[in-house]
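Student: Okay, predicted coordinates and the sequence, questions at the end:
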Amino acid sequence: MIQTTSGSHPNSPFTPGYGRRPLVYGGHENLLEDMRTVFAEHDLGESQSLLLSGLRGAGKTSMLQRLQDLARENDWLVISEDASAGLHKRLTASIVPGIVNDLPQATKVELSSLGLWHFSAEWQVDRRPVRTLLRQDLATIAEHSGARGILLTIDEVSSGKTRLREVSAVAREVSHAMAQGVEIVIAFAGIKVDLDELLRQDHTTFLRRSRAVEFTRLSPPEARQVLDETAKIGGRTFDEDALRHLIAVSQGYPFLVQLLGHYAWTHDLESPTIDLKAAEEAQRRGVKAVMDRVMSKVFADLSEKDQEFLRAMAVDEDRSRIGDIVDRLDSYSQYVNGYRNRLIDSGYVEADGHGYIRFALPYLGAYIRSMAEPSAAEHADAWADFPPPSL
Ligand SMILES: Nc1ncnc2c1ncn2[C@@H]1O[C@H](COP(=O)(O)OP(=O)(O)OP(=O)(O)O)[C@@H](O)[C@H]1O
Ligand SMILES: [Mg+2]
């Protein structure tokens, strides 16, 4: 066993990574409060369907997890899935039978006598008498599981055609279940353009009445709270100047808040407090990591044309003048404005005074500039002398 000296703090309480539950959850208090009421009091109101949109690392999956926790605390049944291929089949052929398997035996006897499900001698799901629709499954579970309601969360909605068709098929079943009076809340998460596409599918019109929540950045006090309280839970404190520095570097971007906290924590595990030197080291490592691990994906999510637009913006260190972008793209202002509006709508860009825009995400511009540097192509050049031999 490895001995740690007393006063050492080996385990970082920060959670940089996708879908890792943060110990301290910053912001979005209104939504959480409303959903607590929904689950506790069954007052579904406008919160029966939720659309959580935001760019990568903004905290959508973490919010779904919070909602799942709230639902479970209030004795709701939780079904959480990703919108990956085979969603509908997974639900009907695996998730729902799994839920039924976990029901008490007396309930299974009841389901069996009603002819809803057939069971093996060991009381495991055998088969269903007829081809059942998901809406019926949901109604059966709601009625017989003893749960107070069902929360269905679908993460990673993406705009691939087949997948969207599947997600909308599931949405249709859920809307029918809702219409039958099944107590069900459904929450989708994905990037904005993909959720917009989902709303354009057949059978998803009911989702237009959803509560839509956009995940952007945390406010400075929220970023402070996350850093400060997470460190305290881990048993250490930040020096005030270190804390202020990290808040500024993070720009409230949730993934980066966690990365910075983590690197600052691990800088000197023996020290009881985290000082400015640790924060500066965290800045160096955290900004690099956020560019490599997050900004690269955020950028790759865009179409070629959108990327071109952002490249034209990244020429400017600070904000960009729309007129300059029109020139750089050698295009028309009407066309450029179309892109501008879409990129604002999906959270990449924000307006900054009349005729100007800037990146809405910290370090996205810096990432794009770094791609254009000669060093990025360094290895490509070196490999040019060694083309792969033909087979
Ligand atoms: N409100 C928050 N407060 C503190 N930390 C957060 C918050 N939201 C997210 N995080 C942290 O940020 C990181 C990214 O969160 P998450 O995986 O939920 O993002 P996401 O929006 O689902 O990203 P993606 O689009 O790539 O799936 C995780 O490390 C998580 O712990
Ligand atoms: Mg996610």
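Tutor: Yep, it's here. Residues are numbered from 1 along each chain as shown. Ligands and ions are numbered 1, 2, ... in the order given.

Student: C-alpha from now on. contacts and neighbour counts both.
Tutor: OK.

Student: So which other helices or strands are in contact with the helix or strand harbouring residue 32?
Tutor: Assessed by DSSP states H and E, residue 32 sits inside helix 29-41. Secondary-structure packing of helix 29-41 (3 or more CA pairs under 8 Å, 6 or more residues apart in numbering; DSSP states H and E): helix 60-73.

Student: From the rest of the structure, what touches the helix it packs on?
Tutor: Outside of helix 60-73, the residues within contact range by CA atoms under 8 Å, 6 or more residues apart in numbering are 18-22, 32, 35-36, 39, 52-54, 77-78, 151, 153, 155, 187, 189-190, 215.

Student: Now for the residue in the stretch 101-250 of the chain positioned nearest to ligand 1, how many residues are close by?
Tutor: Taking CA to the nearest ligand atom as the measure, the point where the stretch 101-250 of the chain comes nearest ligand 1 is residue 226, at 5.7 Å. Residue 226 has 26 neighbours, counted by other CA atoms under 10 Å.

Student: How about residue 280?
Tutor: Look at residue 280: counted by other CA under 10 Å, it has 19 neighbours.

Student: repeat for residue 387
Tutor: By the other CA under 10 Å criterion, the neighbourhood of residue 387 contains 7 residues.

Student: What's the separation between it and ligand 1?
Tutor: Using CA to the nearest ligand atom, to the nearest Å, residue 387 is found at 35 Å from ligand 1.

Student: how far away is that residue from residue 322?
Tutor: From residue 387 across to residue 322, the span is 42 Å (CA to CA, to the nearest Å).

Student: cool, residue 191 as well?
Tutor: Distance from residue 191 to residue 322, counting by CA to CA: 25 Å.

Student: With residue 172 instead?
Tutor: According to CA to CA, residue 172 and residue 322 sit 42 Å apart.

Student: swap in residue 276?
Tutor: From residue 276 to residue 322 the distance is 39 Å (CA to CA).

Student: on that earlier part again, residue 191 and residue 322: which is more packed in?
Tutor: Each of residue 191 and residue 322 has its neighbours counted (other CA under 10 Å); residue 191 has more, 25 against 18.

Student: Might you report the residue contacts of residue 192?
Tutor: With contact set as CA under 8 Å, 6+ apart, residue 192 has these partners: 53, 54, 55, 345, 346, 347.

Student: Just the buried ones out of the contacts of helix 60-73, please.
Tutor: 19, 21-22, 35-36, 39, 52-54, 77-78, 151, 153, 155, 187, 189-190, 215 (16 or more other CA atoms under 10 Å).

Student: residues from the stretch 51-200 of the chain in reach of ligand 1?
Tutor: 55, 56, 57, 58, 59, 60, 61, 62 (CA under 6 Å from any ligand atom).

Student: Burial check on the closest residue to ligand 1 within the stretch 201-350 of the chain, number of neighbours?
Tutor: Using CA to the nearest ligand atom, the single residue of the stretch 201-350 of the chain nearest to ligand 1 is residue 255, 3.6 Å away. Per other CA under 10 Å, the neighbour tally for residue 255 reads 24.

Student: one step back: by how many degrees do the helix holding residue 32 and helix 60-73 diverge?
Tutor: 30 degrees (axes from the mean of the first three to the mean of the last three CA atoms, to 10 degrees).

Student: Not counting its own residues, what contacts helix 29-41?
Tutor: Contact with helix 29-41 is made by 43, 44, 47, 67, 70, 71, 74, 76, as judged by CA under 8 Å, 6+ apart.

Student: just curious, which of those residues is nearest to ligand 1?
Tutor: residue 67 (12.0 Å).

Student: where does the stretch 101-250 of the chain dip in pLDDT?
Tutor: 129-130 (pLDDT under 70).

Student: export the contacts of residue 192 to CSV and tack on secondary structure and pLDDT?
Tutor: Putting the contacts of residue 192 into CSV (DSSP: H, G, I helix; E, B strand; the rest coil; pLDDT from 0 to 100) gives the following:
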residue, secondary structure, pLDDT
53, strand, 93
54, strand, 89
55, coil, 85
345, helix, 87
346, coil, 85
347, coil, 87
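
Student: ok, of those, which one's closest to residue 283?
Tutor: Nearest to residue 283 among the contacts of residue 192: residue 55, at 21.5 Å, using CA to CA.

Student: Which residue lies closest in space to the closest one, excluding its sequence neighbours?
Tutor: Closest residue in space to residue 55, ignoring its immediate chain neighbours: residue 191 at 5.6 Å, by CA to CA, 6 or more residues apart in numbering.

Student: before we move on, what about residue 339?
Tutor: residue 306 is the one closest to residue 339 (CA to CA, 6+ apart), at 6.9 Å.

Student: In a helix, the one you found, correct?
Tutor: Yes. Assessed by DSSP: H, G, I helix; E, B strand; the rest coil, residue 306 belongs to a helix.

Student: start the count at 547, not 1, going forward
Tutor: Okay, using 547 as the starting number, the last item reads as residue 852.

Student: since we're on it, how many residues are nearby?
Tutor: Residues lying near residue 852 (other CA under 10 Å) number 16.

Student: how close does it sit to residue 721?
Tutor: 34 Å.

Student: Now flag whichever of the contacts of residue 738 is closest to residue 841.
Tutor: Top of the list for closeness to residue 841, among those and by CA to CA, is residue 601 at 9.8 Å.

Student: give the contact list for that closest one.
Tutor: The contact partners of residue 601, taken as CA under 8 Å, 6+ apart, are 736, 737, 738, 761, 762, 844, 892, 893, 894.

Student: Over to residue 905?
Tutor: Residue 905 touches 865, 894, 895, 896, 911, counting by CA under 8 Å, 6+ apart.

Student: now for the residues of the stretch 597-746 of the chain next to ligand 1, which pair is the farthest apart?
Tutor: So, these by CA to CA: farthest apart are 601 and 608, at 13.1 Å.

Student: Regarding residue 697, what is its secondary structure?
Tutor: Per three-state DSSP, residue 697 ends up strand.

Student: Touching, it and residue 623? I think so.
Tutor: Yes. Using CA atoms under 8 Å, residue 697 is in contact with residue 623, at 6.2 Å.

Student: contacting residues around the closest residue to residue 904 other than its chain neighbours?
Tutor: In space, and not counting its chain neighbours, residue 904 is closest to residue 865: 4.6 Å by CA to CA, 6+ apart. Residues in contact with residue 865 (CA under 8 Å, 6+ apart) are 859, 898, 902, 903, 904, 905.
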